[in-house]
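1. Okay, sequence plus prediction incoming.
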Amino acid sequence: MCAALIGGMDRLKRDYMNEAKRQGVKLKVFTGKERNISGSMGRVDFAVVFTNKVSHKARNEVMGALKKKDVPVLMEHSCGISTLRKCIAEHAGK
């Protein structure tokens, strides 16, 4: 299973990836500063958007691209590891 994380803190990027790997999910992390996020996201089973750490422009770009592909999106205001853990467990059924 593959997921995308949009937003979050740069310093937690490695922790986000390790937590997802621990739960059996390959995670692609985009902190929101990258250009053309939707083009480099590729195919994902679901996405998590941390709304407090991503620009409106990046969020709108990603939401538009994921809506076209019919990919489920989980939006959370908090950007902690425990929030990511909860989102993965919700979607991955663990």
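-> Arrived safely.
2. the bottom helix or strand of the chain by mean pLDDT?
-> helix 37-41 (a mean of 81; mean pLDDT, DSSP states H and E).
3. For it, give me every contacting residue.
-> Helix 37-41 is contacted from outside by Ala4, Ile6, Lys28, Phe30, Glu34, Ala47, Ala58, Glu61, Val62, Gly64, Ala65, Leu66, using C-beta atoms under 8 Å, 6 or more residues apart in numbering. The C-beta positions use only the backbone N, C-alpha and C, and glycine is treated the same way.
4. Next secondary structure after it?
-> strand 46-50 (DSSP states H and E).
5. Identify each buried residue in that next one, please.
-> Phe46, Ala47, Val48, Val49, Phe50 (16 or more other C-beta atoms under 10 Å).
6. just for this protein, where's the confidence low?
-> 93-94 (pLDDT under 70).
7. Helices along that one, start to end?
-> 13-22, 37-41, 56-69, 81-92 (DSSP state H).
8. Dump those into CSV; add distance to Met75 and mean neighbour count as well.
-> Listed next are the helices of the chain as CSV, based on distance: least, C-beta to C-beta, whole Å; neighbours: other C-beta atoms under 10 Å:
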stretch, distance to Met75, mean neighbour count
helix 13-22, 16, 15
helix 37-41, 15, 16
helix 56-69, 9, 14
helix 81-92, 9, 17
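9. now the spatially closest residue to Ser38 that is not a sequence neighbour: how far from Ser82?
-> Nearest non-adjacent residue to Ser38, counting by C-beta to C-beta, 6 or more residues apart in numbering: Ala65, 3.3 Å away. Separation of Ala65 from Ser82 (C-beta to C-beta, to the nearest Å) stands at 27 Å.
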